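Novice: what would the 3D arrangement of this be:
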Amino acid sequence: MLVIAFDRVLEQHYREELSSFCDTQFIRSMQDLEFSNIEPGAVIYLMDYTSSAHLHNIEYIRNKYSSKLFFVISSAVSIPLLHQSIHLGVNDLFISPLNEQDKKSLRCNLMNKTQIACNSLSSEFSDDLCCETLDRDNPISELLDIIERDYIKGPSLQDLAHDVHLSPSRICHMFKDLCGITYSQYLICRKLEEGERLLISGDNSVTTIAYQVGFSNPSHFCRSFKEHLNITPTAYVHANNELKQSPTYIHYQRVRSDMMQQYSNQPSAYASNRISRVS
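Specialist: Here you go, the predicted model:
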């Protein structure tokens, strides 16, 4: 497995961890990458926060190793990074540090889709635990499609219960069990995610954006933005690479990135809306 890490800190962090999966070879500069004749079974790109340089590197790597499995491990997920990953066919996008489910998914992909000889599983894993994905027949999938269509309006639990024929209390428990955060937390984070995109576009004021993404007033939007991204909306426009996201927002990003591949290949509201918003 080829691991591309231009950041020495990230390289040090992941050298031992990724080597526990299989044999790895690290590349530490773009020049080495350009002249490399390595034919890996899979490629991993390590990055910190989204920048134009990282997005360019991802495109270059995807083109250079177009027939290989390609994974990105990033310190945070942004709308441009998600869009680039979907557009270029990145096989999976993980948020650093990897959790146990991420490790299981990565190892499963290497075992099932490459000729890479993976090392033995550690005691906490089992061979029959492999590549779990969100079942499209599960009611949570329908809920997420409804939310994706109507998150600006903010459908109530009663509205959702009517649409999927489940009780509000059942939806609450199911959402928390399957997504790890509450419905209200997911809804707030979804609005903030869209707010990030609109702020970057620079076409509207903070006040206008607050109403566009469904907040009742700009103050609520600014408070929520500051709470989850540790920066004000105004400062974000000029310093979005200095984010310190809340645990809830990081978990929300994991939910979104975990569903990236499945939904990007499905003719669902999630995939079509997501791609059209960031085009």
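Novice: in the protein, which spans are strands?
Specialist: With strands called from DSSP state E, the chain shows them at 2-5, 25-27, 42-47, 69-74, 92-95.
Novice: looking at those strands, which has the lowest confidence?
Specialist: Sorting the strands of the chain by mean pLDDT places strand 92-95 lowest, at a mean of 86.
Novice: sheet-wise, list the partners of that strand with their directions.
Specialist: Strand 92-95 has the following sheet partners, assigned by DSSP bridges: strand 69-74 (parallel).
Novice: quick revisit: of all the strands of the chain, which lies closest to K226?
Specialist: strand 92-95 (21.0 Å; C-beta to C-beta). No exception for glycine: its C-beta is placed from N, CA and C like everyone else's.
Novice: low pLDDT regions in this protein?
Specialist: The chain contains residues with pLDDT under 70 at 79, 120-139, 239-243, 257-279.
Novice: still on that earlier bit, save the strands of the chain as TSV, and put in mean neighbour count and distance to R223 too.
Specialist: Shown next, in TSV, are the strands of the chain (neighbours: other C-beta atoms under 10 Å; distance: least, C-beta to C-beta, whole Å):
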stretch	mean neighbour count	distance to R223
strand 2-5	23	37
strand 25-27	17	43
strand 42-47	23	30
strand 69-74	23	27
strand 92-95	21	24
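Novice: those into a markdown table, with extra columns for distance to I140?
Specialist: Below are the strands of the chain laid out as a markdown table (distance: least, C-beta to C-beta, whole Å):
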| stretch | distance to I140 |
| --- | --- |
| strand 2-5 | 34 |
| strand 25-27 | 38 |
| strand 42-47 | 29 |
| strand 69-74 | 25 |
| strand 92-95 | 20 |
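Novice: just so I know, which of those lies nearest R62?
Specialist: Counting by C-beta to C-beta, and looking across all of those, nearest comes strand 69-74 at 5.8 Å.
Novice: next, the angle from the closest one to strand 42-47.
Specialist: 20 degrees (axes from the mean of the first three to the mean of the last three C-alpha atoms, to 10 degrees).
Novice: between the strands of the chain, which gets nearest to R170?
Specialist: Of all the strands of the chain, strand 92-95 comes closest under C-beta to C-beta, at 29.0 Å.
Novice: any idea how far the closest one is from the chain center?
Specialist: For strand 92-95, the distance from its own C-alpha centre to the chain's C-alpha centre is 6 Å (C-alpha atoms, centre = their mean, to the nearest Å).
Novice: one more: stretch 196-211?
Specialist: Distance, stretch centre to chain centre, for stretch 196-211: 22 Å (C-alpha atoms, centre = their mean).
Novice: likewise for stretch 4-21?
Specialist: Taking mean C-alpha positions (C-alpha atoms, centre = their mean), stretch 4-21 and its chain are 20 Å apart.
Novice: cool, and stretch 201-213?
Specialist: Taking C-alpha atoms, centre = their mean, one finds stretch 201-213 lying 23 Å from the centre of the chain it belongs to.
Novice: stretch 190-200 now?
Specialist: That offset, for stretch 190-200, works out to 15 Å (C-alpha atoms, centre = their mean).
Novice: got the contact list for that stretch?
Specialist: 78-80, 147-148, 151-152, 154, 204, 206, 209-210, 212-215, 221, 224-225, 228-229, 233, 236-237, 240, 249, 252, 256, 277-278 (C-beta atoms under 8 Å, 6 or more residues apart in numbering).
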